[in-house]
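J.: Predicted model and sequence follow; I will ask about them next.
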Amino acid sequence: MNFACSGIIAQGCPPAVGAALAAEKRNTDAVAVGYLGEGALQQGGFLESLNLAAVRDLPVVFVVEDNDWAISMPKDRVTDVADGSRRADGFDLPGERVDHNDPVTVYETAERAVGRARAGNGPTLIEVQVHRRMGHFMGDAQGYRPDEEIERLDRIDPIPRTEDRLRAEGVDDERIETLRESATDRVEEAIEWAKEQPKPAPGAAHEDVFVNPPSGPAVAETGGDD
Ligand SMILES: Cc1ncc(C[n+]2csc(CCOP(=O)(O)OP(=O)(O)O)c2C)c(N)n1
Ligand SMILES: [Mg+2]
């Protein structure tokens with residue numbers, strides 16, 4: 001199921017619940033996924049989304065990427081709950097935490113969550129521990145971040161760790177390189193595809209917001225190209 005998100009943190013959660021409700025009403029086996037950062041866990045929209053999804057057993061998975069930082073704000077300054085997946089307890093939902101971004105565990109955890117959603121057993125909250133490789137924005141010197149934390153990033157990078165794991169399981173270097181190239185190609189093709197798409201008409205901003213479009217000047221008449 002595809003729907004967009006914006007730069008407003010936790011904004012993806014209420015539309016994910018709406019998409020899940022639509023999937024249920026249309027009787028499809030679609031599952032909605034809402035992504036957020038650990039800094040958004042205190043947002044009302046996220047907690048209200050969890051509640052509604054739980055009460056209605058909707059097919060939705062909430063995925064929290066916990067990188068310990070919300071721009072320059074460390075997680076422990078804004079919450080005493082180190083394991084964000086425990087927020088699920090307050091809504092009597094399953095919550096699962098994946099440590100250190102392990103791809104196989106992420107896959108298995110997501111598979112369980114999607115399976116529960118498809119079986120009509122409602123939402124799951126997954127928190128994945130990730131590690132921020134760069135600053136929050138271009139030009140962020142990250143002076144607020146301890147040196148040791150930045151120095152250990154290469155050692156805990158999940159990509160080389162996954163390569164080591166594949167080698168240990170008997171996959172040769174040539175095959176690993178082919179996999180790396182095909183993954184890079186898929187990302188580059190997706191970026192090219194996205195860049196080639198036409199921009200939406202400004203007036204489309206009002207579509208699917210209200211049952212009846214609001215009266216007054218349309219965005220198309222007042223807005224610019226962006
Ligand atoms: C409702 C709202 N408040 C404040 C901001 C400004 N803001 C942009 S990113 C960010 C931190 C987000 O941290 P987190 O949720 O941990 O995501 P991360 O960037 O670490 O992936 C904030 C506060 C915003 N975009 N939306
Ligand atoms: Mg964060």
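T.: Looks like it arrived, so ask away. Numbers count the residues shown, from 1 in each chain. Ligands and ions are numbered 1, 2, ... in the order given.
J.: in this structure, which spans are strands?
T.: 32-37, 60-66, 69-70, 73-74, 95-98, 124-129 (DSSP state E).
J.: Make CSV from the ones you listed and add mean pLDDT and distance to Arg87 to it.
T.: Bear in mind the C-beta positions are built from the backbone N, C-alpha and C, glycine included. Formatted as CSV, the strands of the chain follow (pLDDT from 0 to 100; distance: least, CB to CB, whole Å):
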stretch, mean pLDDT, distance to Arg87
strand 32-37, 95, 11
strand 60-66, 97, 9
strand 69-70, 97, 16
strand 73-74, 97, 18
strand 95-98, 97, 7
strand 124-129, 98, 6
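J.: quick one: the helices in the protein?
T.: 13-25, 44-55, 103-118, 147-151, 153-156, 158-168, 173-196, 219-222 (DSSP state H).
J.: about what we covered before: wait, which of the strands of the chain is closest to Glu207?
T.: Comparing those against Glu207 with CB to CB, the closest turns out to be strand 32-37 (19.2 Å).
J.: And the pLDDT for the residue lying closest to Ala70 once chain neighbours are set aside?
T.: Distances taken as CB to CB, 6 or more residues apart in numbering put Gly39 closest to Ala70, at 2.6 Å, once the chain neighbours are dropped. On the pLDDT scale, Gly39 is placed at 96.
J.: Count the neighbours of Gly39 for me.
T.: Applying other CB atoms under 10 Å, we find 22 residues neighbouring Gly39.
J.: Lowest average confidence across the helices of the chain, which one?
T.: Among the helices of the chain, helix 219-222 has the lowest mean pLDDT, at a mean of 49.
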